[in-house]
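Enquirer: Sharing a model prediction with you, sequence too.
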Amino acid sequence: MSRPPARRRRSRKADGSDQLLILVGLVIAGAVLAVVVDFIRAYPWVPVVLLLLAGGAVAAWMVTKQRAARWERVRAQGLRYALTYLDALHHRQFEHAVRDLMQRDGCVNAVQVGGAGDNGADVKATDPYGRRWVIQCKHRKNGLSGSAVGTPDLQVLNGTGRPVHNGDVVVLVTNGRFSKPALAFARSQRLHLVDRTMLGNWASGSRPLWELLNAVPPPRRPSG
């Protein structure tokens, strides 16, 4: 019967400690506030200077951010690649270049996904018309002199481009050439091929890729 009162006594003591801490905190806060007020009265120009500095810093940050965004838009819109530059790239850099070209043409979500386990896709993007692009890249160090891209590469892309990646436009891009069987297979399977000639036209900034290819699926939605 004696335990409940003991708990009540400890609770009251804890409440008293909390109230004391609050009181001490209020006293300290009041003292600090008084010091700040006295300082401002003695030096009224200090807060004005601090506000001006803070405002200037915010304004400078906003201007820097706007300039960076504007430069990025200009850079993306003016992106151009020469075939000789593309030939000299590593195959992974070539994939990034294709991604950047898609971004330049308005595919803001274009990403490079090539690597282990990519299931035949190196770049994915959605164009301004809502079409999902699945792109495989085949880089040839020697350009046209390199080995032709053959049917096996297209078979892998054909097996995953639509069933796995849900692509509306399934494309294979190379800085080289395609074999005759590959051309025939692509026509039969509605695959789009970008050879060295078309890549040169696209990379030079002449037109978006969907305007260079034939028989591209109709838009899913109007352009923004």
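Expert: Nice, I can see it.
Enquirer: For the chain, which segments count as helices?
Expert: When secondary structure is read from DSSP state H, the chain shows helices at 3-42, 45-77, 83-87, 91-104, 151-160, 180-189, 196-203, 209-212.
Enquirer: which one of those helices is the most hemmed in?
Expert: helix 91-104 (a mean of 20; mean count of other Cβ atoms under 10 Å). Placement of C-beta: from N, CA and C, glycine included.
Enquirer: Quick check, central residue of the protein?
Expert: Asn109 (6.2 Å; Cα atoms, centre = their mean).
Enquirer: Got phi/psi on that one?
Expert: For Asn109, the backbone dihedrals are phi -100, psi 10 (criterion: degrees, to the nearest 10).
Enquirer: Name the nearest residue to it, ignoring sequence neighbours.
Expert: Leaving aside its chain neighbours, Asn109 sits nearest to Thr126 (5.5 Å; criterion: Cβ to Cβ, 6 or more residues apart in numbering).
Enquirer: so what's the one you found bridging to?
Expert: Here Thr126 shows beta-bridge partners Arg132, assigned using DSSP bridges.
Enquirer: Got the confidence number for it?
Expert: Per-residue confidence at Thr126 stands at 96 (pLDDT).
Enquirer: do the same with Val36
Expert: pLDDT, Val36: 82.
Enquirer: circling back: hang on, the residue nearest to Asn109 packs against Val134?
Expert: No: using Cβ atoms under 8 Å, Thr126 is not in contact with Val134; the gap is 10.6 Å.
Enquirer: Now do the contacts for Val156.
Expert: When the contact criterion is Cβ atoms under 8 Å, 6 or more residues apart in numbering, the partners of Val156 are Gly120, Gln136.
Enquirer: So for it, what's the pLDDT?
Expert: Among the per-residue scores, Val156 holds a pLDDT of 93.
Enquirer: and it, how far is that from Arg162?
Expert: Distance, Val156 to Arg162, by Cβ to Cβ, to the nearest Å: 13 Å.
Enquirer: Check Trp133 too.
Expert: When distances are taken as Cβ to Cβ, Trp133 and Arg162 turn out to be 12 Å apart.
Enquirer: quick one, which of the two is more surrounded?
Expert: In this comparison of Trp133 against Arg162, neighbours counted by other Cβ atoms under 10 Å, the higher total goes to Trp133 at 24 against 18.
Enquirer: Need the pLDDT of Phe39.
Expert: 83.
Enquirer: Report the contact partners of it.
Expert: Contact criterion Cβ under 8 Å, 6+ apart gives Val46 as the residues in contact with Phe39.
Enquirer: just Val48 next, same as before
Expert: Residues counted as contacts of Val48 (Cβ under 8 Å, 6+ apart): none.
Enquirer: how does this structure divide up, domain by domain?
Expert: Residue ranges for the domains of the chain, per automatic domain parsing: 3-76, 83-212.
Enquirer: Relative to Pro218, which of the ones you listed is closest?
Expert: Distance to Pro218, taken as Cβ to Cβ, is lowest for domain 83-212 among those, at 8.2 Å.
Enquirer: Dump the helices of the chain into JSON lines; add distance to Val113 as well.
Expert: As requested, the helices of the chain are arranged in JSON lines below (distance: least, Cβ to Cβ, whole Å):
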{"stretch": "helix 3-42", "distance to Val113": "55"}
{"stretch": "helix 45-77", "distance to Val113": "20"}
{"stretch": "helix 83-87", "distance to Val113": "19"}
{"stretch": "helix 91-104", "distance to Val113": "9"}
{"stretch": "helix 151-160", "distance to Val113": "12"}
{"stretch": "helix 180-189", "distance to Val113": "21"}
{"stretch": "helix 196-203", "distance to Val113": "20"}
{"stretch": "helix 209-212", "distance to Val113": "18"}
